[in-house]
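Asks: please find the sequence and the predicted model below.
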Amino acid sequence: EIEGYGALRSDRQLLITSLTRATVQEIVLKPGALVIPQSIIVQLANPELQQLVDNAGQELSQQKANLRQLKLNQQRELLNETASFAEMEATYETAKVRLEAQSGLVKLGIVSALDYKESLVHEAQLKKRLRIHQQRTEALKLVNQEAINIQLEQIKQQQGQLDIAQNRLDRLSVKAGFSGVLQRLSVELGQSLAAGQEIALIGSVDDLIALVRVPQNKAQQIFI
């Protein structure tokens, strides 16, 4: 048996540091307090972070408004194309009926061959224009959808920036992180902190280890 002096120490410890520059606005808990993961130890303040969150939120709202405006413009443009297509389709149907009527009358000599050929050419041209117009409408739908996808991607990116800024702002409420005891508080009220500066040390209560100091000449007699 070898005797030595020592102390119990938490086997699990967590050192909490400042994520960004901030000022200690409120000290909620003092050393010795029992904590749980959601326990707030200190409240920090950083007006720049709050401004960053506000700006990111306003930019996100603007981009969402731009998306709504884009959809309205696209809807208006598509309605114009649809109306133009319907008008052209009606003109084509009229020309088609006229051609069918003239095909019988030209044999009887009531309609001249020249008029019939002109009607034939006109009907073919309208048919071709109608097909091109339909293709243009389909292409317009694809272009509009791609524009919406681009705007949605921008909104997604802006939402990500807002989430990051909001997360940094939320972390100004410094929490314990796990259940234990507040062993050390390294800040004072009103103190300005730099990024990475120590705030507090949390230690476990149940998981402990013993640090025992023994004379060096007796340490070699110790075996597991």
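Replies: Perfect, thanks for sending it. Numbers count the residues shown, from 1 in each chain.
Asks: going forward, measure contacts between C-alpha atoms and count neighbours the same way
Replies: OK.
Asks: chain center to the longest helix belonging to the chain, what's the gap?
Replies: In the chain, with assignment by DSSP state H, the single longest helix is helix 47-108. Distance, stretch centre to chain centre, for helix 47-108: 29 Å (CA atoms, centre = their mean, to the nearest Å).
Asks: from T23, how far off is the residue nearest to R21 when sequence neighbours are not counted?
Replies: Distances taken as CA to CA, 6 or more residues apart in numbering place A194 nearest to R21, at 4.6 Å, with adjacent residues excluded. Distance, A194 to T23, using CA to CA, to the nearest Å: 9 Å.
Asks: report the inter-axis angle for the following helix or strand past the longest helix of the chain versus helix 47-108.
Replies: Downstream of helix 47-108, the first helix or strand assigned by DSSP states H and E is helix 113-170. If you take axes from the mean of the first three to the mean of the last three CA atoms, to 10 degrees, helix 113-170 sits at 170 degrees to helix 47-108.
Asks: how many other residues sit next to L189?
Replies: L189 has 13 neighbours, counted by other CA atoms under 10 Å.
Asks: repeat that for the one 10 residues further on.
Replies: For I199, the count of nearby residues is 19 (other CA under 10 Å).
Asks: torsion angles phi and psi at it?
Replies: According to degrees, to the nearest 10, the main-chain angles of I199 amount to phi -110, psi -50.
Asks: touching, it and E188? I think so.
Replies: No - the pair I199 / E188 is not scored as a contact, 9.3 Å apart, by CA atoms under 8 Å.
Asks: need the overlap of contacts for those two.
Replies: Common neighbours of I199 and E188, counting by CA atoms under 8 Å, 6 or more residues apart in numbering, are absent.
Asks: residue contacts, the residue nearest to R21?
Replies: Contacts for A194 (CA under 8 Å, 6+ apart) come out as 18, 20-22.
Asks: now V187
Replies: Shown in contact with V187 (CA under 8 Å, 6+ apart): 24, 198-200.
Asks: can you check the residues you listed and name whichever has the most neighbours?
Replies: Tallying neighbours with other CA under 10 Å puts A200 at the head of the contacts of V187, with 23 neighbours.
Asks: by contact count, what packs against whatever helix or strand that one lives in?
Replies: Taking DSSP H and E as the definition, A200 sits inside strand 198-203. Applying 3 or more CA pairs under 8 Å, 6 or more residues apart in numbering; DSSP states H and E, we find strand 198-203 packed against strand 13-17, strand 180-185.
Asks: next structured bit after the longest one?
Replies: Looking back up the chat, that one is strand 180-185. Remark: after strand 180-185, the chain's next helix or strand is strand 192-193, criterion DSSP H and E.
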